[in-house]
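Asker: Structure for this input, please:
(one chain, ligands or ions: 1)
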Amino acid sequence: MSSKLLEGKVGVVVGVANKRSIAFAIAKAWHEAGAKLIFNYQGERLKDGVLKLIHENFGEDVPVYDLDVSSDESVNAFFERVRQHTDKVDCLLHSVAFAPKEALGGSFLETGREAFKISLDISAYSLVALSRAVEPMMSDNGSILAMSYLGSEKVVPNYNLMGVSKAALEACTRYLAYDLGRSRGIRVNCISAGPMQTLAARGVSGFNTMFKVYEEHAPLGRSCTGEELGATGVFLASDGAAAITGQVIYVDGGYQIMGM
Ligand code: NAD
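Answerer: Numbers count the residues shown, from 1 in each chain. Purely as a prediction, here's the structure:
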């Protein structure tokens, strides 16, 4: 792959918490492909770590601003700041999810109403909110990318409420792809990643056993790496994917095709 597929493009990356974050892997690949990036951090707790990580890896002058996707005020304030750096955005990465811990294990039947609202809001509605906020600045062939998981379409024990949230995220992806494609030529896709050791993944009960399942059953005998997610992220943001929209692209060692 050419190393400068995204030369001249501007990307907004939402969802870096630390060096293990999928957003960090995709941002690295976008950066290496020539894109200029603007990042968020989620609140004071993560601020210092994220700023240090981003400035060390992408340059001292790379903009990083607070953004809590559950607040319209915060979303609007974030994009106001983005607008101070650029009048166009070519790609947006949504790599954000959250559900209360008690809803990520045990009986799905016991999922509470409040947990459901929080998870669907932060993990799925936020894609609609970010897409609406970025749309006026987005270039006509821009690309919006979100991160999903197989638990959206098949039962993965313990993934529970996050599976339902990912189903909603993927449906939002299709409806946004239709709206934004017709009006602006903007593309919206999901990467469905295999399991990766990250902060968010540690919230899912029994997460570590998933790697063994992928080793035993995936056609490639493994899940995926951050570099592989990054390469797919570059492709989806590039002109090579100009006619791909509304899709869920599996980067999971092929696990999704298996019936047994
Ligand atoms: P991560 O913990 O590194 O990233 C999750 C991010 O969500 C963090 O940066 C966190 O700050 C952010 N976030 C949560 N609530 C937020 C809020 N209210 N406002 C703003 N940001 C908020 O973990 P990750 O595994 O890199 O997760 C990134 C995405 O990838 C998620 O959508 C996750 O579901 C998805 N995913 C992960 C895996 C995996 O195995 N790790 C597999 C498939 C899909």
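Asker: This structure: strands as residue ranges?
Answerer: Using DSSP state E, the strands found in the chain span residues 10-14, 36-41, 64-66, 89-94, 138-148, 187-193, 248-251.
Asker: now the ones you listed as CSV including distance to residue 26, mean neighbour count and mean pLDDT?
Answerer: For the C-beta atoms, the positions are set from N, CA and C on the backbone; glycine is no exception. CSV is the format used below for the strands of the chain (distance: least, CB to CB, whole Å; neighbours: other CB atoms under 10 Å; pLDDT from 0 to 100):
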stretch, distance to residue 26, mean neighbour count, mean pLDDT
strand 10-14, 7, 25, 99
strand 36-41, 10, 24, 98
strand 64-66, 16, 18, 98
strand 89-94, 6, 27, 98
strand 138-148, 8, 22, 97
strand 187-193, 8, 25, 98
strand 248-251, 11, 20, 98
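Asker: Present the ones you listed as TSV; the columns should include distance to residue 123.
Answerer: As requested, the strands of the chain are exported to TSV (distance: least, CB to CB, whole Å):
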stretch	distance to residue 123
strand 10-14	12
strand 36-41	16
strand 64-66	19
strand 89-94	10
strand 138-148	10
strand 187-193	12
strand 248-251	15
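Asker: With distance to the ligand added, can I get those in CSV?
Answerer: What follows is the strands of the chain, written out as CSV (distance: least, CB to the nearest ligand atom, whole Å):
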stretch, distance to the ligand
strand 10-14, 7
strand 36-41, 7
strand 64-66, 9
strand 89-94, 7
strand 138-148, 3
strand 187-193, 4
strand 248-251, 9
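Asker: Which residues of the stretch 151-260 of the chain lie near the ligand?
Answerer: 193, 195-196, 198-201 (CB under 6 Å from any ligand atom).
Asker: can you do 8 Å?
Answerer: Where the stretch 151-260 of the chain comes near the ligand, counting by CB under 8 Å from any ligand atom, the residues are 162, 166, 169, 191-201, 207, 210, 223.
Asker: and those, which of them are in helices?
Answerer: Judged by DSSP state H, the subset of those located in helices is 162, 166, 169, 210.
Asker: what two of the residues you listed have the greatest distance between them?
Answerer: 169 and 210 (19.2 Å; CB to CB).
Asker: Between the two, point out the one with more neighbours.
Answerer: Taking neighbours as other CB atoms under 10 Å, residue 169 and residue 210 compare with residue 169 leading, 27 against 20.
Asker: Would you mind measuring from the nearest residue to the more buried one once chain neighbours are set aside to the ligand?
Answerer: Excluding the flanking residues, the one nearest residue 169 by CB to CB, 6 or more residues apart in numbering is residue 124, at 4.4 Å. Distance, residue 124 to the ligand, by CB to the nearest ligand atom, to the nearest Å: 10 Å.
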